[in-house]
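Q: For reference, the sequence and a predicted model appear below.
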Amino acid sequence: MIRHISLLNRYGLAGMIVLAFVLLAITFSRDLLYAGLFQLHAECYNWLPSLIMLHVISDTLIGLAYVFISAVLLFSIYSLQLPFQSIFIAFGAFIICCGATHFVEVITTLWAPVYWLAGSIKLLTAIISLGTAFMLPSLLPKIRSTLANTRRANAMIQEIEQLNIQLRENYMTLADAMPLLVWTRNEHLEAQLFNKTWTTFSGMSLEKLKTQPVGSWMHPDDSKSYRDTLERRSEYVGEIRFRHYDGVYLWHLMHSVPLWKKDGHFQGWLSTATNIDKQKRNEQALSEVRERQDLFLSMTAHELNTPLTSMQLLVTFLQRNLGQNNKYSMTIEMLESQLQRFIHLVGDLLDMSRVKAGRLTLTFTSCDVCELVRSIIHKVQHSTTTHTLHLSCETTATINADPDRLEQVLVNLLSNAIKYSPEAKVIDIRVISDASQVVVSIQDYGIGISQEAQSHLFEQYYRSIEVSSRKYPGLGIGLYIVYEIVKQHHGKIWMESEEGKGATFFFALPLSP
Ligand code: ADP
């Protein structure tokens with residue numbers, strides 16, 4: 001049964017149209033417009049004008065209405081892509097046929113009793129209406145499931161709308177709870193939502209905030225870059241001054257994100273601004289303190305430099321005049337070593353101020369790397385009794401360098417290696433080269449450097465937590481100067497270390513062309 005119904009559904013429309021054509025063919029074989037001896041319907045109405053008018057007008061109107069209805073129906077089927085098209089087409093054909101019977105009724109009433117034509121159209125209407133009636137039951141399950149789907153879809157739409165409202169409320173609750181400024185703009189840059197922090201910060205109501213022109217609450221010097229980013233529709237992260245309700249501009253870290261739909265349609269902006277004013281002012285104060293501190297250290301180093309040179313001359317004078325084996329030689333030696341430490345420290349401070357001022361000058365000359373490193377290690381070995389320095393030189397390369405500055409680099413790295421490996425006895429130094437550069441490495445087996453400290457080592461005044469005790473004296477400027485010297489040689493410096501297992505510092509310098 002179901003199979004029959006579905007067959008009817010599939011072929012019903014085509015069948016009806018074929019049948020209609022067959023019928024027309026049969027009826028065309030007769031004289032459709034044959035009036036013969038029949039009488040006009042008006043005769044039956046005894047030519048009573050009012051009765052005739054009543055029938056003619058109502059039949060014409062019904063016919064016209066039927067034609068109009070089916071025309072609208074057919075137009076809707078195609079333009080709105082309605083479901084169940086076959087049944088609608090059949091229904092439209094049925095209505096047109098009904099309309100046609102009424103037009104024929106007018107003709108048979110007033111002009112000619114064309115009963116063959118009237119009968120044929122009635123038969124056509126009967127076939128199409130029967131076909132439509134048979135098609136309908138087969139569509140019922142489909143209609144039922146479509147209706148159920150529609151109901152489900154409607155319920156889902158309602159649920160989604162509810163969720164949307166809920167989401168928006170949650171978003172606003174979250175935004176209101178945040179201590180930062182949060183706001184959104186649509187694609188035309190019109191302000192949409194502001195959180196409560198905005199009202200307390202600006203002293204304006206939400207309505208007034210919405211009417212403010214873009215960037216009007218920012219410092220005039222900062223607002224242009226923000227407006228440009230909005231025009232470009234690109235992400236913006238930057239420090240911007242926002243006007244507080246008392247008129248003072250406060251520093252904020254602003255983050256604006258453009259919002260895009262999946263289909264690439266631009267939706268607008270979501271922006272946040274975190275108050276970093278205190279932090280910013282602290283940073284400014286700190287950098288001012290740093291500058292003053294640098295200035296003080298540089299002036300002190302300059303002041304100390306002259307007396308230190310005189311003291312050095314005096315010690316040399318004493319050493320020469322008192323000879324090697326006198327009772328003060330030990331004391332003079334100790335004095336000399338302490339003086340050297342002092343001179344080294346003052347030298348570092350002076351270099352630091354030169355680096356800061358961009359006045360660290362280098363005098364380049366061609367050097368045999370191994371020879372240079374060997375002579376420096378020789379000197380350093382003399383000043384230590386605790387460690388043995390092992391050198392392995394695997395190159396004969398020459399480089400263009402400032403030998404005094406390179407000595408400073410090596411002395412610094414070696415003194416650190418000795419200082420930070422008090423339990424170890426050996427320092428390994430290796431010099432190798434490839435086609436373009438020579439690499440010097442200094443490896444110790446001491447306390448090593450934590451991961452956290454490794455990223456800050458070459459910063460000015462940096463000392464890791466592990467060494468900032470009296471056990472390891474220092475100022476944290478040695479590596480800062482070393483880094484600058486290597487950089488000025490167009491080289492690079494890096495290190496590898498595991499905490500507790502020692503550290504290896506490498507620096508690479510380009511070979512002489
Ligand atoms: P200083 O040694 O005077 O503190 P440096 O600039 O030479 O300053 O070194 C900076 C920091 O790097 C040191 O304080 C220390 O924490 C770390 N460091 C440098 N060399 C080593 C090393 N060989 N082993 C362990 N830590 C080191």
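A: It's in.
Q: element containing Thr272, please.
A: Using DSSP states H and E, Thr272 maps to strand 266-275.
Q: And that strand, what's buried?
A: Of the residues in strand 266-275, Gly268, Trp269, Leu270, Ser271, Thr272, Ala273, Asn275 count as buried by neighbour count, 16 or more other Cβ atoms under 10 Å. Where C-beta positions appear, they are placed from N, C-alpha and C, glycine not excepted.
Q: try stretch 237-248
A: Buried residues in stretch 237-248, counted by 16+ other Cβ under 10 Å: Ile240, Arg241, Phe242, Arg243.
Q: ok, the closest residue to Glu394 other than its chain neighbours - contacts?
A: With Cβ to Cβ, 6 or more residues apart in numbering as the criterion, Glu394 has its nearest non-adjacent residue at 4.9 Å, and that residue is Ile432. Applying Cβ atoms under 8 Å, 6 or more residues apart in numbering, we find Ile432 in contact with Glu394, Thr395, Val438, Val439.
Q: does the second one count as helix, strand or coil?
A: Applying DSSP: H, G, I helix; E, B strand; the rest coil to Thr395 yields a three-state assignment of coil.
Q: you'd agree it is up against Cys370?
A: Yes. Applying Cβ atoms under 8 Å as the test, Thr395 and Cys370 come out as touching, 6.4 Å apart.
Q: got any residues that touch both of the two?
A: With Cβ under 8 Å, 6+ apart as the test, Thr395 and Cys370 both reach Val431.
Q: what sits up against the lengthiest strand in the chain?
A: Criterion DSSP state E: the longest strand present in the chain is strand 249-260. Residues outside strand 249-260 that contact it (Cβ under 8 Å, 6+ apart) are 181, 219, 226, 229-230, 233-244, 266-277, 279-281.
Q: ok, now stretch 359-369?
A: 351, 354, 393, 395-406, 431, 433, 438, 440, 481, 484-485, 488-489, 509, 512.
Q: Give the buried subset of those as a PyMOL selection command.
A: Typed into PyMOL, the line below selects the buried ones among the contacts of stretch 359-369, using 16+ other Cβ under 10 Å:
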select buried, resi 351+393+395+397+398+399+401+402+403+405+406+431+433+438+440+481+484+485+488+489+509
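Q: How many neighbouring residues does Thr108 have?
A: 21 (other Cβ atoms under 10 Å).
Q: Give me the nearest residue to Asn101, chain neighbours excluded.
A: For the record, residue 101 is Thr, not Asn. Per Cβ to Cβ, 6+ apart, closest to Thr101 is Ile121, 5.3 Å.
Q: all helices of the chain, in order?
A: Along the chain, the stretches classed as helices by DSSP state H are 2-29, 41-44, 49-79, 85-110, 115-177, 196-202, 206-211, 220-232, 277-322, 329-357, 369-383, 403-419, 451-454, 478-488.
Q: between the longest one and helix 85-110, what angle do the directions make?
A: It refers to helix 115-177. 140 degrees (axes from the mean of the first three to the mean of the last three Cα atoms, to 10 degrees).
Q: Could I get the average pLDDT for helix 115-177?
A: In this model, helix 115-177 has an average pLDDT of 89.
Q: and this structure, which residues reach the ligand?
A: 416-417, 420, 444, 446-447, 449, 453, 457, 462-464, 467, 474-480, 503 (Cβ under 6 Å from any ligand atom).
Q: Sitting in strands, which of those do you find?
A: Residues of these located in strands (DSSP E): Ala503.
Q: ok, of the residues of the chain next to the ligand, which come out buried?
A: Buried members of the residues of the chain next to the ligand, counted by 16+ other Cβ under 10 Å: 416-417, 420, 444, 446-447, 449, 453, 457, 463-464, 467, 474, 476-480, 503.
Q: any idea which of the helices of the chain scores lowest on pLDDT?
A: Of all those, helix 2-29 has the smallest average pLDDT, which comes to a mean of 61.
Q: For the ligand, what is the nearest residue in the stretch 1-150 of the chain?
A: Asn149 (70.9 Å; Cβ to the nearest ligand atom).
Q: Quick one: residues contacting that residue.
A: Applying Cβ under 8 Å, 6+ apart, no residues qualify as near Asn149.
Q: So which bits of stretch 178-198 are buried?
A: By neighbour count on 16+ other Cβ under 10 Å, the buried set for stretch 178-198 is Leu180, Leu181, Val182, Trp183, Thr184, Arg185, Ala191, Leu193, Phe194, Asn195, Thr197, Trp198.
Q: Okay then, goodbye and thanks.
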